[in-house]
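# predicted model and sequence below, questions to follow.
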Amino acid sequence: MNERVNERDVRKRILPSGWYPADEKETVRVLQNWEKSLEAPGIQSGMSAVVPHAGWSFSGKLAYKTIRQLNPETKVVIIVGGHMRAGEGTAVANEHYFETPFGPMATAEEFKNKLGEQIALKADKAADNTVEVQLPIVRYLFPEARVLWLRVGAGKESVELGRVCAGIAGTLSERVCMIGSTDLTHYGPNYGFAPKGIGSEAVEWAQQENDGGIIKHMLQMQSEDVLHWGNQRKAACSPGAAVAAMEFAAAYGCEEGILTGYDSSYSLNPDSSFVGYAGIVYSSADK
């Protein structure tokens, strides 16, 4: 990007370097190492995806593996985060640029304006990781793309957001993709959620039953069930973000998702408190 950027128009990084590297050289090193360790992505036909949003040492590689399966011709990337309850609506970052280790990434202003004509958008000023942690990956994989930073509540507003964004994308000549950012079950005393106690039985329940259940609904693109499992069973921290990505793809005829991987913080740090992560990509021949 060659245009001059006024620093007052840039949304600054709020996450410390432990979440992802602070400088370009180290960021490139990490991303290149991930790329070398992965198989070729094959046909990159993804139009939306669900990715985790923990620190890169925990879930960054899985997020990268999933996002790299989106169509490489994408020019607008909508990143939908969460940490919002049902009924809280949709929030948008109004800055014109976003800070990344590779330099500022521009906002998709035209798309944002069109979205604001159909959905009530409130300014997102919260210090939140769900979108920011994806920005360097998106900037690296889609260096010419513009980004739209959104967060959505874990209710019906997420269904509307995905459908409306798909409708707007259909009016544009540029290719648009959406990323829904959510982690899965936050289990253990650190999160105040331990219905199966502590130990191997708890780990198996959280990973196989709770995470496994919501992943199944995500793959089958069952929005109502994903919201129920996220809200009632605490199987996801930002289920609305996943639902938006699902509904975006469903609008173009996608009928099922593909699991790119599953992991848990327990595999890196076996502890009584842990979090699950999944990567899912949605493809359609229509877009």
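Arrived safely. Numbers count the residues shown, from 1 in each chain.

# hey, what's the residue nearest to Leu70 when sequence neighbours are not counted bridged with?
Nearest non-adjacent residue to Leu70, counting by CB to CB, 6 or more residues apart in numbering: Gly46, 4.2 Å away. Glycine gets a C-beta too; all of them are placed from N, C-alpha and C. Using DSSP bridges, the bridge partners assigned to Gly46 are Leu70, Ser283.

# so how far is Leu141 from Gly46?
Separation of Gly46 from Leu141 (CB to CB, to the nearest Å) stands at 11 Å.

# list residues touching both of those two?
In terms of CB atoms under 8 Å, 6 or more residues apart in numbering, Gly46 and Leu141 are both contacted by the residues Leu70.

# so for these two, which sits in the more crowded spot?
Using other CB atoms under 10 Å, the more surrounded residue of Gly46 and Leu141 is Gly46, with 28 against 19.

# who are the neighbours in contact with the more buried one?
So Gly46 contacts 66, 69-71, 177, 281-283 (CB under 8 Å, 6+ apart).

# what's the answer for Gly42, then?
Gln69.

# just to be sure, it is in a strand?
No: read with DSSP: H, G, I helix; E, B strand; the rest coil, Gly42 is coil and lies in no strand.

# tell me the pLDDT of it.
For Gly42, the pLDDT comes out at 77.

# distance of it relative to Arg175?
Counting by CB to CB, the gap from Gly42 to Arg175 is 18 Å.

# from what I can see Val275 touches His186, true?
Yes: using CB atoms under 8 Å, Val275 makes contact with His186 at a distance of 5.2 Å.

# these two - which one has more neighbours?
Neighbour totals were compared for Val275 and His186, and Val275 leads with 23 against 19 (other CB under 10 Å).

# need phi/psi at Arg85.
When read as degrees, to the nearest 10, the backbone of Arg85 gives phi -80, psi 160.

# hmm, I was thinking of Met178
Taking degrees, to the nearest 10 as the convention, Met178 sits at phi -130, psi 140.

# what pairs with it across the strands?
Residues in beta-bridge contact with Met178 (DSSP bridges): Ser48, Ile78.

# isn't it right up against Phe248?
Yes: here Met178 lies in contact with Phe248, judged by CB under 8 Å, at a distance of 4.4 Å.

# Lys122 - that's part of a strand, no?
Yes: looking at Lys122 with three-state DSSP, it is inside a strand.

# for burial, what's the neighbour tally of it?
12.

# how about it: what's its closest non-neighbour residue?
Ala91 (5.2 Å).

# ok so the one you found is a helix residue?
No: in this structure, Ala91 is strand, not part of a helix, as judged by three-state DSSP.

# how close does it get to Gly42?
With CB to CB as the criterion, Ala91 and Gly42 are 35 Å apart.

# again, but for Pro72
From Pro72 to Gly42 the distance is 12 Å (CB to CB).

# need the contact list for the residue sitting nearest the centre point of the chain.
Centroid check for the chain by CA atoms, centre = their mean gives Ser181 as the closest residue, at 2.2 Å. Going by CB under 8 Å, 6+ apart, Ser181 touches 50-53, 79-82, 130-131, 133-134, 238, 241.

# Asn33: neighbour count?
With other CB under 10 Å as criterion, Asn33 counts 11.

# same question for Ser267.
11.

# for the helix or strand harbouring it, packing partners?
Per DSSP states H and E: Ser267 is located in helix 265-268. Packing partners of helix 265-268 (3 or more CB pairs under 8 Å, 6 or more residues apart in numbering; DSSP states H and E): strand 274-283.

# now do the buried residues in the strand it packs on.
274-283 (16 or more other CB atoms under 10 Å).

# now the helix or strand hosting Ala242 against strand 274-283, angle please.
Using DSSP H and E, Ala242 sits within helix 239-250. With axes from the mean of the first three to the mean of the last three CA atoms, to 10 degrees applied, the angle from helix 239-250 to strand 274-283 works out at 10 degrees.

# good, wrapping up.
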